[in-house]
Each structure stands twice: as C-alpha cells, then as structure tokens.
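**Student:** need coordinates for the below:
(2 chains)
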Amino acid sequence: MPDTTTGVVVIGGGSTGAGVLRDLSMRGIEAVLVEKGDLASGTTGRSHGLLHSGGRYCVNDLAAAIECVEEGRILRRIARTTIEDTGGYFVSVSEEDLAWEPRFVEGCAKAGITCERISVEEARRREPALSQHVRTVFWIPEDGHLDPFYLVMGNVESARRRGAQARTYTEVTGFIRDGNQLTGVLTRDTMTGEETSIGCKAVINATGAWAGFVARLLDVEVKVVPVKGVMVVLSHRVAHATINRCHKPGDGDIIVPALSVAILGTTAVKVPHPEVLPIEWDEVRHMIEEGSLMADGVSTARAMRAYAGVRPLYDLGAEAEGREMSRNFAVIDHEQRDGIAGFTSIVGGKVTTYRLMAERVTDLVARRLGVTTPCTTAEVPLNDRDDELDQLRHRPAQLGVPKPHGGERPLQPLVCECELVRPQDVTPWFEDAAVRTLEDIRRRTRTGMGPCQAAICSYRLAGRLVTDRHQDGPTATRAMAELLETRWRGVRHVFWGSQLRQAQVTTGLHLELFNLDRQLMLQAEPAAAPEAVGARQ
Amino acid sequence: MITDEVGTFSDTVEEAAPVEACTKCTACNTVCPVARSTEIFRGPKFLGPESERYRSQPEAAVTAGLDLCSGCKLCEVTCPSQVSIQEYIRRAQNKGAAEKGRTLRDWVLGHTRLLSRFGSMTAPLANLGNRNPLVRWAMERVLGIHHKRPLPRYQWLTFERWFTRRPHNKTARRTVAYFYGCWVNYNERRLGEQVVAILERNGIEVIVPKQQCCGIPAVVNANMDLARKYGGENVRRLSGLPADVDIIASSTSCGLMLKHDYAHLLDIPGAEQVGARVYDICEYLWMLHEAGELNLDFQPVSTRLLYHAPCHLKSHGIGYPAMRLLRLIPGVQLEEVDEGCCGISGTFGVKVEKYDLSMKIGSRLFAAVKAAGTDAVLADCETCRMQVEHGAGAHSAHPIDILARAYGHG
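**Tutor:** Below is the predicted model of the structure:
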C-alpha cells in the first residue's frame, strides 16, 4: 500500500509542471507535484525572462512563433501580475542584420506578430539607451518581461487552492507498476533521505531537460538535448523595453529589463548533462560586448552576477543542433509508444508556451482518466484571489512614509532594501512547508537578488529562521552561509568594478565581523547533510 | 590663483561615482543626523542609491520621505564609494515637486533673497513683526513656518551699499572677489566688514562683483530651475573676473554651491572653472599663512571658545582651517565640540513639521555647549549659529569675528 494516494503525480516543478498541476486541479483531478529541488529552480528560474512575442522565432521556427503569439496574448490576460508590458525593439546594427530584415518582416506577417518600422530618431527618443551602432529599428509591442518565479508560484498557489499538493526537495527514485500500468511513484526527500510512496492513476513527466533521466527509471528513452545558455545580470534596467538583434538568433542578442535589473542573454552550447553548466569568462565578456552594440550603458553598468540555464530541446530526430532545433514541444504518450499505461512525458517548449504545453498533456491524461471537463486555464486568471503574489514594481509606491505631524509611526523595516522586500512579503513563506532553504525564500520574494547579493538581507533572514521557524542559532547560521554561497557562485563571474568592491564589503562583513567561517567550523557536521541539489542557482 | 602656489586640500577628491557604486555598506545611514533622530526616515542609502534603481521605471517614482532629508550632505562626505547621494535625493525631490506642484512655502523659502531684500527695506518693522506672536501665528498657519523658530534680524544698510560708499584701497599684492551672500548683505553686515578689514590688513584688495543668491535655498526647497537661474547669473558674472582674482566666501553653504554644486548638481556651463577658484575665507587665510603671507601681528584675545564644524564645511573637504587659524592667536583657548549636525540645515528647521525634529537632531550639540560653558560657540555657517543660540542659549560668532578682534577690528 502506498503511503498516500492521489489521481495524478506530476514530476517537475518548473513552469510546465506547475502549469500541469493547475490545469489538473481546475479539471477536478486530484494531483501531487514532486520536484527534486525547489519550484522554479531549474530551467524556468534560469530563463532570461523574455515574454516572447514570437519575433525571435518567426523566420526559422514559424510554428513556435505562432504559439508564442497566441500564448503571449493569453498570458497577458491570465497572468497580469507576472508580466511587464515593456514592448520590444528589434534593432539592426550590421549589414548582415539589414539583410535579415525582409525575412523578419515576412516572418512577422506570417506569424501574425505586430511589427512596426520606426525611424532611429523616433526610437532613440522613446528609448535613449539605444546605441549609436543601431541602424534600423522595429517596434514589437508584444515583447515583454515574464517573471518566471512569480509565474510558477502563481500556478502552484492557484492549484493548491483547489486541493493540489506540491512537494519540493522530493526526488522520484522509482515507480510502482502493476503489469503495464503505472500505479505509483517512489520518492525520497533529498534533504532528510526519507522515503515515501504515492499511489496514482497516472504520472506526467514534466522535467524538461531531466525528462530522459526520469524515463530511464522505466527503461524507456526520451531524447532531450540539454543546451546551455549563459546570462549576465546588470544592476539596473538599462532600457525601458526589451531589445533584440534583428538577425538569425545568436549569442548575446537580447536585453531584457526585468523588474529592477536587466538581463543580457544568451549563448547556446550543447552540454553533456543538464546540471553541468560551467560559465566561462569569454561567455560573460561576449554577452557584455554584444549587448553594448545594442544599448549604451551596458558595458559601464554594474554586472551583478552571471548564471546559466539549460534549454530542454526535444530531439525530433532531425539533423539540427542547438539553436537550429525547434523550440516546439511534444507530448509523448508512453502507453502508445512504449506500452506503459499511465505514463506521459511533455518535452521541449519554452516558458512562454508553458500553458499550452500543460493543456495538451492534461487533455491526453484527462481523456485516459475519463474526465471530460474542458481546459479553462486560458480563461481563468492566475490571481483569481485578491491577495495574489505581489508585484515588485508596485512596491516603491507602497513604501510611503507617514507625515511627521500626523503622529509619528515608526517605519516598517525592510528585509531587503535592494529589492524592497517587506516583512509581510516574507512571512507567509516561512509558514510554507515547501520552503526549505533561504534560497527558496529568495525565489519567492526576490530577497537577495539586488546589487549586494544578500550581503545584508542574509542575516535578517537567518534571524527570521530563529523567530519564525524556531531553529537554533547554528542551524540558521548554516542556512545563511548556504544562501551566501549560492549567491557567490554567480557573483564570482563578474569580479570587477563595483561588484568586486561589493564582494569586499560582503566578505568583510561576514567573514571578519561575523567570523562566519570559524562559526561554521566550530559546528558539528549536520546530521543529514543536504545533498547537492542540482537545480540550485 | 593661490592654489598654484600652495596646492589645495581637496585636490585628491575623486570624481563622483554613479549610483551603481553603492556597496550597501550603510556608512551613510550611520552618520545621517535625521535617520539618527527619527524612526520615520529611511535614510540616505534607501532614498538615494537604492531608490534610484527604481526611479527610471515609469510607474514607480520613489518620492515619499524625500523632504525629510535636510541636505546636510554628511552622507556624501562619508560614502567610501563617492556616490552622489544628495544629488539623487534632490533631483528626485525636484522632479516630484515639478509634477505635483510646489507649495507656497517652497516658493517663499526658495526665494530667501527676495524675502531678505524686503525685510531689509522694511527693517525695523520686519524685525518687530518677526517677534510678534500674532504675526508668527499667522506665518505658521499660512506659510508653515514654526512660531518658535527665531527669524534672522534684518538691517537696513546692506553690505553692498556699505561697500560702495567706503573709500577703496587699491595698493595690493593680490586681489580677491568677495561673495558675501545674502546673510552678510541683509543680516550681518558686520561680518562682511570684518572680512574686508582682515583681507586689507593682509595687503589684499577686495572687490565686490554684483551677485545673486547662491541658490541653495532653492535647491533644498525643490526648485532646481530657480537655483540654476541664480547660479547661471553668478557664474556669468564671476567668469568675467580677471584670471588672477580668487573668489572667497564667508558662508559655508554659498561657498559649497560655487565650488561644487553649480557644476555637479546643476550642470551650469562654465561653473567648473569658477568653482576651481573659490575658497572659504578661513581656507584662504590659512593658505596665505602657508605661503608665509599672513600678517601674524595679533593682539592677545583671552577667551575660551568652542568650535562647531558645520556639515557643509565638511563637504568642502578642507579640514577645519578656522581652528588652525585661531590657534595662531595668543590667548585663544579653542576646543572642537564634536557632536554632529546642529539640526537646522538652512530652511529645514524653520518648517513647522520639522522644527521639533531639528531641535532633536541638535540636542546633543546643545547639551555639550551648555556643559562646556564657554564664552562663545564659533561656526562658519550662519544658520548653525542661529540654531546654537536658539537651542543652547549660547553666544555664537563666525571665527572671523575672533580674528578681527585679534587684528583690533573687534
């Protein structure tokens, strides 16, 4: 007998998994999501956050472009609070770009993407950051920024309200089978080592770049090609709108203003394993050099960190590699293909089309389960509850101060000044069992994502672990050190100028003033050392 | 320029760094007199570099609480990364005021020169009115000027007119242009007379070019355009001076505007060149001393004094030349009262909702002054002197006053 039973187990806590969980719950199907790391800690959380208008794919990958157009419009309806409607520019800076233009215009027309050619003068008036190298400009009003963390949390919260469960740090180690029918999954808590089983009627493998590993547990093959992309985060927005190079998608050709920062992306390098994502200095430099061609201030802005994500490209068997491969997705019906009833994989795709992917795979699974309730995820907004996830850009206005003569009321202290995180933004998450580490708090609230990279907020969060979670000092200190360590992994790639000086302040504060290393050394080894969670940023 | 001969104290100051240089070290918050005295102010780090990251976003103008910044600039002096914290705060405040509309008080306090001119013209009456409780009640209701705040006394004979009437001494090795500022012109002519006497005693010819308000009241009352207009007029006139004429100021804040803020905060063309030849009066006299030119023929002045260093003097980056100078005088016992900002910050402590805060900021200074019980408290800044007199009930003077006494011009 399994420990618990449910209708469907969804494996993977990225945008697809979260979207599937919500879709299932909205169709009245009981579901549990299991994720071996935290929600949005793999591909989704490491995307560049571009809400695709489809412009990037309209020439080479028309099908993906058309999906982006439709899904972008749906997301603007249902996921309002996760989107910044920045609009975007496609700019040409070289002869090659100019030669690409006619194909781009034709592609936009075919895919139904609104695309307007504007003069360079007009573009520069609207967006003074556009560089002197820019020769022609297209305005694509439907490009934007999609916050991947809010998106995933929003989907999961929406599903939870309908009775679904999400278990983080829960890895699938095997399956329970009854002949050809899957009847459950075996899981292990990656932090405590505790093993459990969940009985179910169907399993959806939504693990993206990790889909092959999960499928292998059932001795079936799912060929996903992990393609690494490196991104650099600048400490302020640089531009008001997204900026793309108008050419065949290549390295370093996107700038996305994302809430309080700008993200430069990206590269495309095939990697042997989705968790082996080295960041080379040349890649970081290349991002900044290419970005500088499109916008002024990229090379002088403060680079805060670099990170790498992995695209889960599904190998359709074509000869294509890396960027040439389609960004389309596929639903693999393993009952039909491999004779394993109750197992379905969803592979490929991208964050912008997560909802459609979820719809397609849920359609199949629901049909098999005999559920006929239609999909409503395209109509019902994520924030169908008033106190939905907060939006960072509304916070500055909310941080007003009382008038001095209107009775002095002390200001509420902030948890993270860089990203304007208030205590009430953090508190609910400390009560959430799915939140295990301070990194998890970061992903849900942006705490520690600003220029100081958790130098200041880390010790405040550690204090909250003691007050809110009743942890002892050494445990909280260790959690703080882990947060700083994960921040460090990104910061070390951009060690020059202000961020180098920042690191000096951070090390001075934590290693000298707090004597953190010594404190950790004095501690006994934790009983169950948390294993390296691959999906850690 | 005198700098060519003896060098400056401040020529190692680095260029202001962009907002991104902030490392969140929080040094600015620890020195901020306002943040130290009230729980309702988030401090310079938040209102400056941290909020600045959001100000370019269309929906998020971070303006709440900006008016609580008194403009003392200690944050900038302290910042190890040379972030122009004040400039971000002032620009944001100005932008907010331009969008929301300025109050009558903003306008009045920004136009202190106009006000002073009127006060000076109607001197006896204005001074009487400023002490009349009924008038002060009305001023508080209409203008938001706190009734307890003593207002400066105006004098009918301005420094400008006094200067043009006196015989001009032309036999000199050096010539300086004196930027006397509104205070000396309308409220404390005697200080200006002393400055002229001391300079002439040292064989320096003093000329007085036509001048406008330095603009700092307009800057701190959210009217940068007005400040820029005033600054532009001053820069135009001062640029016309012969190249070997240095410019001196006896008001710390006027001097700071000329030296630094015209070029950096207000972006006035030509201000950089003018600023390079501006010296605080005590700074200038000390440099004369270093050049071996200061007349050291002092009469002993037997007095015990406290020196309060104004915040804006700290921004000059010249140390405390007044203390060094006065210690040359036999009989002077001088100690620094190192208790931070006095709290008034120009027009800040005048406002009805800021008066109590301003007195609270200055309370440490007042207590130290009372405890010391010296003959007088010296400060280079006129509003600091007003505040010390008001808060500690002590006599106060510009350091030049002691120097003048040593020269027999007391």
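**Student:** can you pull the buried residues of stretch B:38-49?
**Tutor:** Neighbour counts over stretch B:38-49 (16 or more other CB atoms under 10 Å in any protein chain shown) mark B:38, B:40-49 as buried. Yep, even glycine has a C-beta here, placed from its N, CA and C like the rest.
**Student:** can you tell me the helix or strand for the closest residue in space to A:Thr477 that isn't next to it in sequence?
**Tutor:** What sits nearest to A:Thr477 in space, not counting adjacent residues and going by CB to CB, 6 or more residues apart in numbering or on different chains, is A:Gln519, at 5.7 Å. For A:Gln519, the host element (DSSP states H and E) is helix A:516-522.
**Student:** which SS class is B:Leu305?
**Tutor:** Secondary structure, DSSP: H, G, I helix; E, B strand; the rest coil: B:Leu305 is strand.
**Student:** is any part of the helix or strand A:Ala462 falls within close to chain B?
**Tutor:** Assigned by DSSP H and E, A:Ala462 falls within helix A:457-469. No: using CB under 8 Å from any CB of the partner chain, helix A:457-469 stays clear of chain B, with a minimum separation of 9.6 Å.
**Student:** could you say what helices and strands the following helix or strand past that helix packs with?
**Tutor:** Sequence order places helix A:473-491 as the next helix or strand after helix A:457-469, per DSSP H and E. Applying 3 or more CB pairs under 8 Å, 6 or more residues apart in numbering or on different chains; DSSP states H and E, one finds that helix A:473-491 contacts strand A:303-314, helix A:438-445, helix A:457-469, helix A:497-507, helix A:516-522.
**Student:** pLDDT on helix A:473-491, on average?
**Tutor:** When pLDDT is averaged over helix A:473-491, the result is 95.
**Student:** okay, angle between it and helix A:497-507 too, please.
**Tutor:** Relative orientation of helix A:473-491 and helix A:497-507, computed by axes from the mean of the first three to the mean of the last three CA atoms, to 10 degrees: 160 degrees.
**Student:** what lies in contact with helix A:473-491?
**Tutor:** A:233, A:304-307, A:437-439, A:442, A:448, A:453-455, A:458-459, A:461-463, A:465-466, A:471, A:499, A:502-503, A:506, A:510, A:516, A:519-520, A:523, A:526, A:530, A:536-537 (CB atoms under 8 Å, 6 or more residues apart in numbering or on different chains).
**Student:** selecting buried members of the residues you listed in ChimeraX, what would you type?
**Tutor:** Here is the ChimeraX selection string for the buried members of the contacts of helix A:473-491, based on 16+ other CB under 10 Å:
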select /A:233,304,305,306,307,437,438,439,442,448,453,454,455,458,459,461,462,465,471,499,502,503,506,510,516,519,536,537
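**Student:** what about the nearest residue to A:Arg245 once chain neighbours are set aside, neighbour count?
**Tutor:** Among residues not flanking A:Arg245 along the chain, A:Asp253 sits closest, at 3.7 Å (CB to CB, 6+ apart). Around A:Asp253 there are 25 other residues, counting by other CB atoms under 10 Å in any protein chain shown.
**Student:** before we move on, back to that, any idea how far chain B is from the residue nearest to A:Thr477?
**Tutor:** As defined by CB to the nearest CB, to the nearest Å, A:Gln519 lies at a distance of 22 Å from chain B.
**Student:** quick one: residues contacting A:Val105.
**Tutor:** A:115, A:117, A:138.
**Student:** one more pass at 7 Å, please.
**Tutor:** A:Cys115 (CB atoms under 7 Å, 6 or more residues apart in numbering or on different chains).
**Student:** any idea how far it is from chain B?
**Tutor:** Taking CB to the nearest CB, one finds A:Val105 at 29 Å from chain B.
**Student:** hang on, that residue in a helix?
**Tutor:** Yes: according to three-state DSSP, A:Val105 belongs to a helix.
**Student:** which residues of the stretch 201-350 of chain A lie near chain B?
**Tutor:** Counting by CB under 7 Å from any CB of the partner chain, the stretch 201-350 of chain A comes close to chain B at A:235-237, A:260, A:301-302.
**Student:** show me the shaky parts of chain A.
**Tutor:** A:316-325, A:384-410, A:524-537 (pLDDT under 70).
**Student:** per-domain residue ranges of it.
**Tutor:** Using automatic domain parsing, the domain parsing of chain A gives A:4-42+A:149-223+A:327-368, A:81-141+A:225-313, A:392-404+A:411-522.
**Student:** comparing those domains, which comes out most buried?
**Tutor:** Counting by mean count of other CB atoms under 10 Å in any protein chain shown, domain A:4-42+A:149-223+A:327-368 has the highest mean neighbour count of those, with a mean of 22.
**Student:** list the residues that contact residue 263.
**Tutor:** No chain specified, so I'll use chain A. Counted by CB under 7 Å, 6+ apart, A:Ile263 has contacts A:48-49, A:231, A:233, A:256.
**Student:** try again with chain B
**Tutor:** Here B:Ala263 is in contact with B:271-272, B:275 (CB under 7 Å, 6+ apart).
**Student:** of all of the stretch 1-150 of chain A, which residue lies closest to chain B?
**Tutor:** A:Glu84 (9.0 Å; CB to the nearest CB).
**Student:** what's across from that residue in the sheet?
**Tutor:** Beta bridges link A:Glu84 to A:His145, judged by DSSP bridges.
**Student:** tell me the contacts of the residue of the stretch 201-350 of chain B found nearest chain A?
**Tutor:** Relative to chain A, the nearest point of the stretch 201-350 of chain B is B:Phe348 (12.0 Å; CB to the nearest CB). When contacts are counted by CB under 7 Å, 6+ apart, B:Phe348 touches B:70-71, B:220, B:354, B:358.
**Student:** which one of the residues you listed is nearest B:Ser315?
**Tutor:** The nearest member of these to B:Ser315, counting by CB to CB, is B:Gly71 at 10.3 Å.
**Student:** so what's that closest one closest to, chain neighbours aside?
**Tutor:** B:Val220 is the one closest to B:Gly71 (CB to CB, 6+ apart), at 4.4 Å.
**Student:** the one you found against B:Thr347, yeah?
**Tutor:** Yes: contact criterion CB atoms under 7 Å: B:Val220 and B:Thr347 qualify, at 6.4 Å.
**Student:** for A:Glu96, what is the enclosing helix or strand?
**Tutor:** With DSSP H and E as the test, A:Glu96 turns up in helix A:95-111.
**Student:** identify the residues contacting B:Ala379.
**Tutor:** B:308, B:310, B:385, B:388, B:396.
**Student:** tally of neighbours for the nearest residue to it once chain neighbours are set aside?
**Tutor:** In space, and not counting its chain neighbours, B:Ala379 is closest to B:His308: 4.5 Å by CB to CB, 6+ apart. Neighbours of B:His308 under the rule other CB under 10 Å: 28.
**Student:** hmm, B:His308 is touching B:Cys384, no?
**Tutor:** Yes: the criterion here is CB under 7 Å, and B:His308 meets it with B:Cys384 at 6.1 Å.
**Student:** near A:Ser326, how many other residues are there?
**Tutor:** 20.
**Student:** how near is the closest residue in space to it that isn't next to it in sequence to A:Leu411?
**Tutor:** Once flanking residues are discounted, A:Ser326 sits nearest to A:Asp61: 5.5 Å by CB to CB, 6+ apart. Counting by CB to CB, to the nearest Å, the gap from A:Asp61 to A:Leu411 is 51 Å.
**Student:** repeat that for A:Leu313.
**Tutor:** Counting by CB to CB - A:Leu313 and A:Leu411 are separated by 49 Å.
**Student:** tell me which residue of the stretch 301-410 of chain B lies closest to chain A.
**Tutor:** Closest point on the stretch 301-410 of chain B to chain A, by CB to the nearest CB, is B:Glu353, at 4.4 Å.
**Student:** thanks again, I'm all set now.
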